[in-house]
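Q: Here is a sequence together with a model predicted from it:
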Amino acid sequence: MEQRNNVALSSLSGVGPVRSGKLAKLGLERLSDVLWHFPLRYEDRRKVYTVREAPEGQMCCVKAMVAQLPQLSRVRSGIELVKVRCVDDTGVLNLTFFHQSYLRHTFSPGDQYVFYGKVERQGRGISMVNPLFEKEGEEKYTGRIVPVYPLTAGVHNALLMNLAQLAVEQLAPTVEEVLPLWVREEYHLCQQEFALQNIHFPQSFEGLEWARRRLIFEELLTLTCGLAMLKGRRQHFDGLRLAPHSPEEFQSLLPFIPTDAQRRAMEDIFHDVTSGQSMNRLVQGDVGSGKTAVAAYGAWVTALSGMQCALMAPTELLAEQHYRTLSTLLGPSGIRVELLTGSVKGAGRKKLLQALASGDVQVLVGTHALFSQGVEYHRLGLVIADEQHRFGVAQRGALAAKGGEIPPHVLVMSATPIPRTLALMIYGDMEVSIIDQLPPGRTPVSTYVVGEDKRQRMYGFVRTQVGQGRQVYLVCPAVEENGGEDEEGQTSLFPAMDLKAVTTYAKHLQEQVFPDLKVGFVHGKMKSKDKEAIMSAFAAGEIQVLVSTTVIEVGVDVPNATLMIVENADRFGLSQLHQLRGRVGRGKHESYCVLVTASRSETARQRLRVLTQTTDGFQIAQEDLRLRGPGDFFGQRQHGLPQLKVADFASDLEVLNQARQAAQALVDGDPDLTQAQHLPLRRRVEHMFRDNPDIFH
């Protein structure tokens with residue numbers, strides 16, 4: 001990654017300390033950072049129109065001559081306007097500039113300019129407001145394909161274009177070629193220098209596509225090489241060899257008959273933990289598929305081997321749920337299961353930690369408190385992480401580091417169904433077990449898509465369910481009213497009237513719709529203890545209608561909850577809706593999911609109807625990936641993968657498959673990429689995985 005002329009941006013003319021500070025917010029501190037800061041999109045400004053040809057309502061370039069001196073005027077509240085009249089052989093172009101009084105000295109009659117802006121028709125002429133302009137013969141931002149970069153406050157696109165031009169000129173020719181010649185030839189890829197030049201300043205959209213494909217391939221190849229190397233290295237780690245207690249022996253202790261899929265997952269774990277190598281396995285299964293029983297087998301065989309197991313859950317409520325389940329399953333075998341969360345304090349915590357350090361506690365269930373300071377294990381043999389996508393790699397690593405010289409086995413559970421191709425990438429450093437069957441007796445959930453015209457009828461159905469002693473979830477997409485920020489701080493693009501916000505909606509339901517029922521609400525911005533109290537009250541049956549955001553997507557098991565209503569369902573991904581639906585149908589009572597949408601879009605309704613047609617989470621995930629891209633699976637990059645600059649897992653699946661093939665061939669022939677022709681790629685892998693020390697050490 002060494003490049004000459006890799007100067008600090010603060011030292012460049014026109015940048016300085018203030019702008020360099022703002023550029024740093026984009027991760028841009030040196031010129032090489034700009035080279036790899038790719039445009040978000042491109043504007044085609046190659047065609048320059050006459051006044052008569054200019055397309056109304058569109059952004060375009062128009063060439064015209066200044067016809068008279070600019071006119072400065074002041075209107076209400078001190079607003080300054082500069083008006084410029086321009087002409088060509090076909091008509092008149094009237095320009096208006098707001099708060100740019102200095103422009104009255106810029107334009108001189110007779111000078112030719114190219115103007116770029118949105119065209120509005122005015123009789124036989126046209127007008128533009130605050131257009132970009134360049135003198136004829138000095139065009140830099142017009143008459144070409146213009147890159148549009150990710151920006152931040154105080155950093156405009158022209159500055160980034162200037163910096164990118166400098167980076168491309170000085171650095172692109174010096175960047176080492178990371179792809180071996182045979183890879184470029186076999187997959188028809190352009191050279192690195194051409195790709196970097198054309199991703200920033202394409203001469204044509206065909207050249208841009210060649211550049212994108214090359215850079216996407218390179219990025220995915222680097223990622224898959226790194227994951228393959230990481231997986232290969234971990235496969236050669238010495239692992240704790242656990243006692244060969246078979247799944248059949250454990251299954252005889254269960255109060256139910258496991259599914260074939262559960263049996264296969266247990267067999268996978270058995271082979272891993274008795275192999276003498278370190279286990280790093282993902283158990284992926286739909287909501288209610290019985291992953292906890294599989295995890296219980298891992299905890300059981302670990303305890304019988306004289307070692308300890310730590311199970312980490314994303315919330316205290318889920319940790320408590322796992323604690324109760326594991327205590328019930330493992331207690332009869334004489335295995336001591338304890339719970340450690342932030343709520344365990346004082347003498348109770350001290351006593352628990354002493355028992356853990358001495359080895360008296362064999363299975364510890366909890367939240368991130370499991371790897372907090374002062375928590376010491378006697379002999380940690382297995383780490384189980386529930387809902388992997390909610391834990392970063394670093395958090396799993398911190399818990400694994402609580403083991404001794406030989407790291408503990410790692411088992412990850414996820415209820416987020418992910419298409420297999422994507423799973424191989426996201427969990428590329430893991431072996432994958434898929435539980436694709438539901439245990440018998442799971443109540444099927446009837447799913448319906450309804451419009452606003454069915455609201456009163458839906459409220460009546462809520463009353464019917466509560467009247468039968470059941471409970472209801474009612475999920476909304478926003479926390480505050482008036483289309484404010486959602487739980488991830490993203491400003492809503494939807495007007496307030498279309499969004500059911502948790503706090504105001506819960507108040508409306510309690511006061512206007514269900515004054516005789518107990519309505520509660522919960523959302524992610526509440527304090528943990530308040531949130532846990534509400535959820536516990538719902539689990540205990542003290543709240544009949546719970547209004548919530550997706551914070552309950554992964555949460556308590558309430559068998560008495562039989563109705564899930566999702567407001568503004570078109571705002572959610574299908575996989576997310578499927579997860580929410582999994583909160584009901586967990587008991588013996590008939591259960592329902594109602595997806596409410598005010599959208600008149602047939603496409604939006606058709607998408608939601610997928611959920612009425614199937615309960616297969618993997619099929620739903622595949623459709624979701626096709627329709628929405630991978631955002632639903634990844635959330636806030638908590639999947640732990642290195643940040644990708646140009647590749648997209650959803651739309652670039654074909655290139656992803658090709659990159660995986662090439663990566664496998666490279667690593668099979670040269671596991672550590674130490675051959676001379678592979679060293680540039682190795683350096684790129686080291687750079688991408690610089691936050692993961694396992695990869696080469």
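A: Good, I have the coordinates. Numbers count the residues shown, from 1 in each chain.
Q: Distance of Q465 relative to E452?
A: Q465 sits 20 Å away from E452, taking Cβ to Cβ, to the nearest Å as the criterion. To be clear about C-beta, it is placed using only N, CA and C from the backbone, and glycine gets the same treatment.
Q: which of the two has more neighbours?
A: The neighbour count for Q465 versus E452, taken as other Cβ atoms under 10 Å, is higher for Q465 (20 against 12).
Q: Would you mind listing the buried residues in the strand or helix carrying that one?
A: Using DSSP states H and E, Q465 falls within helix 455-467. Using 16 or more other Cβ atoms under 10 Å as the test for burial, helix 455-467 gives M458, F461, V462, R463, Q465, V466.
Q: again, but for stretch 260-269
A: For stretch 260-269, by 16+ other Cβ under 10 Å, it's A261, Q262, R263, R264, A265, M266, D268, I269.
Q: which ones are touching the third one?
A: When contacts are counted by Cβ atoms under 8 Å, 6 or more residues apart in numbering, R263 touches P247, Q251.
Q: please redo it, this time with the cut-off set to 10 Å
A: R263 makes contacts with P247, E248, Q251, I257, V294, Y297, I435, Q437, as judged by Cβ atoms under 10 Å, 6 or more residues apart in numbering.
Q: do the same with the last one
A: Residues touching I269, when contacts are defined by Cβ under 10 Å, 6+ apart, comprise 242, 247, 279, 281, 283, 294-295, 297-298, 301, 382, 409, 411, 431, 433.
Q: Tell me the secondary structure at it.
A: Classification of I269 by DSSP: H, G, I helix; E, B strand; the rest coil places it in helix.
Q: any idea how far V412 is from it?
A: 12 Å.
Q: Now list whatever residues contact both of these two.
A: Joint contacts of I269 and V412 (Cβ under 10 Å, 6+ apart) are R281, V283, A295.
Q: Most neighbours out of these, which is it?
A: When neighbours are counted by other Cβ under 10 Å, V283 leads the shared contacts of I269 and V412 with 30 neighbours.
Q: pretty sure that residue is in a strand, no?
A: Yes. Counting by three-state DSSP, V283 is found in a strand.
Q: which of the contacts of R263 lies closest to T367?
A: Distance to T367, by Cβ to Cβ, is smallest for V294 among those, at 20.9 Å.
Q: Would you confirm that A539 contacts L317?
A: Yes. Assessed by Cβ atoms under 10 Å, A539 is found in contact with L317 at 7.8 Å.
Q: can you point me to the longest helix in this protein?
A: helix 205-235 (DSSP state H).
Q: in the stretch 351-500 of the chain, which spans are helices?
A: Shown for the stretch 351-500 of the chain, the helices assigned by DSSP state H, counting those that start in this stretch span residues 393-400, 420-426, 455-467.
Q: Run through this protein and note the low-pLDDT ranges.
A: 1-5, 231-237, 387-401, 416-429, 441, 478-500, 552-556, 625-643, 648-651, 691-697 (pLDDT under 70).
Q: in which helix or strand would I find the nearest residue to L329 once chain neighbours are set aside?
A: Leaving aside its chain neighbours, L329 sits nearest to A296 (4.6 Å; criterion: Cβ to Cβ, 6 or more residues apart in numbering). If you go by DSSP H and E, A296 is part of helix 291-304.
Q: Now do the helix or strand following that helix: which elements does it pack against?
A: Next helix or strand after helix 291-304 toward the C-terminus (DSSP H and E): strand 308-312. Counting contacts by 3 or more Cβ pairs under 10 Å, 6 or more residues apart in numbering; DSSP states H and E, strand 308-312 packs against helix 291-304, helix 316-330, strand 337-340, strand 363-366, strand 380-386, helix 393-400, strand 409-414.
Q: how about 7 Å then?
A: Counting contacts by 3 or more Cβ pairs under 7 Å, 6 or more residues apart in numbering; DSSP states H and E, strand 308-312 is packed against helix 291-304, strand 363-366, strand 380-386.
Q: closest one to V183 among the ones you listed?
A: When the helices and strands packed on strand 308-312 are compared (using Cβ to Cβ), the closest one is strand 380-386, at 35.1 Å.
Q: centre of the chain versus that closest one, how much separation?
A: 24 Å (Cα atoms, centre = their mean, to the nearest Å).
Q: angle of that strand against strand 308-312?
A: 20 degrees (axes from the mean of the first three to the mean of the last three Cα atoms, to 10 degrees).
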